[in-house]
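>>> What follows is a predicted structure for the sequence shown.
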Amino acid sequence: MAPKKMAIIATKGTLDMAYPPFILASTAAALGYEVQVFFTFYGLQLLRKDLSDVKISPLANPAMPMPVPMPVMVQILPGMESMATMMMKNKLKSKGVASLEELRDLCLEADVKFIACQMTVDLFDFDKSDFIDGIEYGGASTFMGFAGETDICLFV
Amino acid sequence: MAPKKMAIIATKGTLDMAYPPFILASTAAALGYEVQVFFTFYGLQLLRKDLSDVKISPLANPAMPMPVPMPVMVQILPGMESMATMMMKNKLKSKGVASLEELRDLCLEADVKFIACQMTVDLFDFDKSDFIDGIEYGGASTFMGFAGETDICLFV
Amino acid sequence: MAPKKMAIIATKGTLDMAYPPFILASTAAALGYEVQVFFTFYGLQLLRKDLSDVKISPLANPAMPMPVPMPVMVQILPGMESMATMMMKNKLKSKGVASLEELRDLCLEADVKFIACQMTVDLFDFDKSDFIDGIEYGGASTFMGFAGETDICLFV
């Protein structure tokens, strides 16, 4: 029987929305799915070798669980983005959740195919040498060939 | 003939993005679909008994229709998040749109299955007694079993 | 053989998230797909004749590539949203990326069906005369009839 297929379009580059593509892709791969992830727009940030700049913003998300409620006027102060990022990373670590780098490696080891959107690379002048090895470059049109055959196709 | 199936991954916890999962799930159920919603990340906020803390932020969304244009420097003032939330709730009510609680009840009455992401519950130290009854707890892997068989699978 | 089908639910109305629905819809149509896009919530802004108010916010998105890093306290200053919008539009133009209007026309010429969510039109008191011609008005329930038969169904 042909394996099931999953495609993900990863368009976000924040710490919180970086997790879903990697968790879903690695989970599906572990279940025997053939998986492709198309990184486009801010999602391209997730293909950088160095993921230390992937941050989370407390702004505009009143649904973010906070240890203490923080007024918007405090959230905009210098250093708050870095603090929120550090707090989230510590929380993830203390709860035993794998890091983005670990989940990304897991995907690659499980033969998840990563495709970087060539148009976005050009648009934002990304330097391909900043990206990890083992990825491909392509456009929406190429990706559609795979997406149209999938059992699950998600836009993150 | 087997019923059609829909799966939704609900990751947002703001008032505006809380509506799509409940509207789509209840609509699909009314059309005879078998529906499962997997609540993860901020989406877990939508399973609380008390939804009065589900808010909307005017920040970072220049597409939000406003009665009067409001500069960002005003949007950050204390109380503006609560005001935007109140205004949106009044608008929904005056236009006869069901409340989140009503739509959620509609889903449950129509046998939509709600699954809370166990990993997120642990990560954010959610208290299960804050959540409504009649939900299940599980992981991405369990959810995939259903998602892989669906006709529609959405990431909200 | 029946053509493949794609459905998109477009819920965002910012300049960055306006591109994916139009790019994916026009690409799929060019590949022979039958495509429907359901515009709801802020997505309705993308059906206006005049798209000059479609803006991008630098706030709450630390993943946005910036020529120079800009602290949140600077991002909130008056005019920064317009500046970020102008910078993004210039970048898109200089890189030869089609404008939103052009991509939207491309979709319509390729017989992509645009459906405006009647509930949102009522909710936000949109004036239908502000919208482009050649669109339909409907609800989630009508849209589901098509979505349930698609090969790809995305929530943007």
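Structure received. Numbers count the residues shown, from 1 in each chain, chains lettered A, B, ... in the order given.

>>> okay, which residue is most central for chain A?
Centroid-nearest residue in chain A, with Cα atoms, centre = their mean: A:A18, separated by 3.1 Å.

>>> and the gap between that residue and C:P62?
According to Cβ to Cβ, to the nearest Å, A:A18 stands 11 Å off from C:P62. Any C-beta I mention is one placed from the backbone N, CA and C, and that applies to glycine too.

>>> Just give the closest residue to A:F146, not the sequence neighbours.
Nearest residue to A:F146 in three dimensions, chain neighbours excluded: A:Q36, at 5.1 Å (Cβ to Cβ, 6 or more residues apart in numbering or on different chains).

>>> three-state assignment of the closest residue in space to A:P62 that isn't next to it in sequence?
What sits nearest to A:P62 in space, not counting adjacent residues and going by Cβ to Cβ, 6+ apart, is B:K55, at 3.9 Å. Of the three states, B:K55 takes coil under DSSP: H, G, I helix; E, B strand; the rest coil.

>>> Please list the residues of chain A that sit near chain C.
Within chain A, the positions adjacent to chain C are A:9, A:11-14, A:40-42, A:45, A:53-57, A:59-61, A:75-78, A:80-81, A:119, A:122-126, A:140-141, A:144, A:147-150, A:153-155 by Cβ under 8 Å from any Cβ of the partner chain.

>>> List only those of these flagged as buried.
In terms of neighbour count (16 or more other Cβ atoms under 10 Å in any protein chain shown), the buried residues within the residues of chain A next to chain C are A:9, A:11-14, A:40-42, A:45, A:54-57, A:59-61, A:75-76, A:80-81, A:119, A:123-124, A:126, A:140, A:144, A:147-148, A:150, A:153-155.

>>> Tell me which entries of the residues of chain A next to chain C lie within strands.
Mapping the residues of chain A next to chain C onto strands (DSSP state E) picks out A:I9, A:C153, A:L154, A:F155.

>>> Looking at these, spot the one nearest chain C.
Of all these, chain C sits closest to A:F155, with 4.2 Å by Cβ to the nearest Cβ.

>>> Name the residues linked to that closest one by a beta bridge.
Beta-bridge partners of A:F155, counted by DSSP bridges, are A:I9.

>>> Let me see the contact set for it.
Counting by Cβ atoms under 8 Å, 6 or more residues apart in numbering or on different chains, A:F155 makes contact with A:I8, A:I9, A:T11, B:F155, C:P20, C:L154, C:F155, C:V156.

>>> do the same with A:M70
A:P58, A:M80.

>>> does it count as helix, strand or coil?
Look at A:M70: counting by three-state DSSP, its state is coil.

>>> Looking at chain A, which residue is nearest chain C?
Across chain A, the shortest distance to chain C (Cβ to the nearest Cβ) belongs to A:G13, at 2.8 Å.

>>> Where does A:A98 sit: helix, strand or coil?
Applying three-state DSSP to A:A98 yields a three-state assignment of coil.

>>> Make sure it is actually in contact with A:L106.
Yes - using Cβ atoms under 8 Å, A:A98 makes contact with A:L106 at a distance of 7.3 Å.

>>> partner residues bridging the residue nearest to A:F146?
A:A7, A:K113.

>>> tell me, how many neighbours does the closest residue to A:V35 other than its chain neighbours end up with?
Residue nearest to A:V35 in three dimensions, not counting chain neighbours: A:V112, with 4.4 Å by Cβ to Cβ, 6+ apart. Neighbour count for A:V112, taken as other Cβ atoms under 10 Å in any protein chain shown: 22.

>>> where's A:V112 relative to chain B, distance?
Distance of A:V112 to chain B, given as Cβ to the nearest Cβ, to the nearest Å: 14 Å.
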